[in-house]
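Undergrad: Sequence and predicted model, in that order:
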Amino acid sequence: MANVESMEMLRDLAKRQSDKAVEDLGHLRRQHQDAEARLTQLEQYRDEYRQKLHDALSAGVSSSQWRDYQQFLASLDRAIEQQRRQLGEQQARVEGGMHRWQGEQRKFNAYDMLHTRGLHERSHRQAKDEQRQSDEMAAQLRRRQQDNGRGF
């Protein structure tokens, strides 16, 4: 019986760990989505700025303006590359979180199965004990009836 309670305690602990892993995974996924959104914003901003450069070139720009556009575009490209690296790192964290959750879920499932099996075994033993007691009571009743029948 203590084994069933121990399994229940381990199962509950594994469930809490699995729930925490799911919560952490959700947080990691939100961070990944935020990183994707920042990358998209940077790329859109670069495209808009390139269009401004194209429009400005049509109207004519000085060499200093050209250099400023080029430097700013280069800095945007560096920011985009940095954001892509961060997005890749975030993706790796999401995958790690997914593996962690799957491991925690497997552990919970194993403890849950052992706990359920223990409950079934305990229930089966109790049913057998009840049947044995019932059989013993019936046997005692028959012996008394037989003893009472001989006494007359």
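TA: Now that the structure is in, tell me what you want to look at. Numbering: from 1, shown residues only.

Undergrad: Going by C-alpha atoms from here, please, whenever you check contacts or count neighbours.
TA: Will do.

Undergrad: Packing partners of the helix or strand harbouring S18?
TA: Assigned by DSSP states H and E, S18 belongs to helix 2-59. Judged by 3 or more Cα pairs under 8 Å, 6 or more residues apart in numbering; DSSP states H and E, helix 2-59 is in contact with helix 63-150.

Undergrad: any idea of the pLDDT on F152?
TA: Per-residue pLDDT puts F152 at 52.

Undergrad: should've said Q145
TA: Note on Q145: pLDDT of 86.

Undergrad: can you give me how far the helix holding S18 is from the chain middle?
TA: Taking Cα atoms, centre = their mean, to the nearest Å, the mean C-alpha location of helix 2-59 is offset from the chain mean by 14 Å.

Undergrad: What angle do helix 63-150 and it make with each other?
TA: 160 degrees (axes from the mean of the first three to the mean of the last three Cα atoms, to 10 degrees).

Undergrad: quick one, what contacts D135?
TA: For D135, no contacting residues are found, by Cα atoms under 8 Å, 6 or more residues apart in numbering.

Undergrad: quick one: it and Q126, what's the gap?
TA: Plainly put, D135 is 14 Å away from Q126 if you go by Cα to Cα, to the nearest Å.
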